[in-house]
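K.L.:
next comes the sequence, and after it the predicted model I'd like to discuss.
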Amino acid sequence: MTIIDTPATSTPIAGIEARLRDADPRTREAAVTALARLAGSGRVSGAAGDALAWALADEDGAVRDVAATALRDLPELYLGDDGVRALLLAAASGRDDRVRDTAAEVLAVLVRGAAELYAHGLQDDEPYVRVQAVLGLTALRAAAEVAEAADDPAREVRVAVAEGLARLAGPVAPTALDHLLADHDPVVRMAALDAAAVLGVPEPLAGRVITATAHTSWQVRRRAALALGAADPEIAVRPLVRALRDRIVDVRRAAIQSLERWAADHPEALAALTEALADPDPGVRTQARWALA
């Protein structure tokens, strides 16, 4: 089945749609059958696909069965936003297994078709188009396609990839983020550090995040210190203690913010926060007091 995004040649279906609301289930079944026949001939408006999708919610099993068969078998069918909403509802809470399976199958076709369009957009010459393609692929949860854009020459695209991978997680995210955590652009590295934090700094990324605490850019060092707050304390505490000696106040404050969560049950974190009470910066000393309180 192919889902197309432009309506076929239009034929009024108002009479059929009225019969779809008839109290008699046999009348509704006949209406769905007629609608499917017209849709198969290409002599019906784009509203046919939406009407068939909503027929999956009919209270009568025979009506639902005819609609499911039509949606599975029609070679080309236009579905608008209303039809997609009907499919989402049917896939999540359809009245029977066939309805749910059919809705899920049609949605998968839609996703594949859209993913192909967005993947093609990744080859566009304009960076803003490629950014939109990454956002679309993220919405479709096409993690592998999003990860493929991690090598894009434009910074804004690579940032969008990092942000998308944070939303998607999954097995491909750490590999792509590992690449972005080593990016030559500090802005991309910061986006990747934020993404690693959202994912809880999985073990494959921990080394990269720790290395970033020594980056030449203090903004990257600060983001790395914040990201380590989401990591395993056995991995994070020691580099955070070192970050408390950073020459930049904002980095030291980020280290305190991350260490605070372990002050009660990790002796090394407690000792480091106590030492921070003697920091030359009054703001750092105040934050250390709050953390210990």
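P.N.:
It's in.

K.L.:
tell me where the model's unsure across this protein.
P.N.:
Judged by pLDDT under 70, the chain has its weakly predicted residues at 1-14, 42-46, 75-76.

K.L.:
can you show me the strands along the stretch 1-150 of the chain?
P.N.:
Secondary structure of the stretch 1-150 of the chain by DSSP state E, counting those that start in this stretch: the strands cover 2-4, 76-78.

K.L.:
show me the contacts for Ala206.
P.N.:
Residues in contact with Ala206, defined by CB atoms under 8 Å, 6 or more residues apart in numbering, are 231-232, 235. Yep, even glycine has a C-beta here, placed from its N, CA and C like the rest.

K.L.:
would you turn these into CSV with secondary structure?
P.N.:
Converted to CSV, these look like this (DSSP: H, G, I helix; E, B strand; the rest coil):
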residue, secondary structure
Ala231, coil
Asp232, coil
Ile235, helix
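
K.L.:
compare these and tell me which is most surrounded.
P.N.:
Ranked by the number of neighbours (other CB atoms under 10 Å), the contacts of Ala206 place Ala231 first, at 23 neighbours.

K.L.:
Arg208 is in contact with that one, correct?
P.N.:
No. Between Ala231 and Arg208 no contact is recorded; they are 11.4 Å apart, counting by CB atoms under 8 Å.

K.L.:
hmm, Leu110 is touching Leu77, no?
P.N.:
No. With contact taken as CB under 8 Å, Leu110 and Leu77 are classed as non-touching, separated by 10.4 Å.

K.L.:
more crowded one of the two?
P.N.:
With neighbours defined as other CB under 10 Å, Leu110 and Leu77 compare such that Leu77 has more, 26 against 17.

K.L.:
give me the phi and psi for Gly200.
P.N.:
With angles defined as degrees, to the nearest 10, Gly200 shows backbone torsions of phi 80, psi 20.

K.L.:
if I pick it, what's in contact with it?
P.N.:
Going by CB under 8 Å, 6+ apart, Gly200 touches 230-231.

K.L.:
and Ala196, what element?
P.N.:
Remark: Ala196 resides in helix 186-198, with elements defined by DSSP states H and E.

K.L.:
list of residues touching that helix?
P.N.:
Contacts with helix 186-198, where a contact means CB under 8 Å, 6+ apart, come from 155, 158-159, 162-163, 165-167, 173, 177, 180-183, 202, 205, 208-209, 212, 215, 217, 219-220, 223-224, 226-227, 229-230.

K.L.:
sorry, back to before: any chance of the contacts of Ala206 in JSON lines, with distance to Asp246 too?
P.N.:
Conversion of the contacts of Ala206 to JSON lines gives the following (distance: CB to CB, whole Å):
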{"residue": "Ala231", "distance to Asp246": "18"}
{"residue": "Asp232", "distance to Asp246": "22"}
{"residue": "Ile235", "distance to Asp246": "19"}
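
K.L.:
quick one: which of these is nearest Ala53?
P.N.:
The shortest distance between Ala53 and any of the contacts of Ala206, using CB to CB, involves Ala231 and amounts to 45.1 Å.

K.L.:
so how far is Arg37 from that closest one?
P.N.:
When distances are taken as CB to CB, to the nearest Å, Ala231 and Arg37 turn out to be 60 Å apart.

K.L.:
sweet, I'm off.
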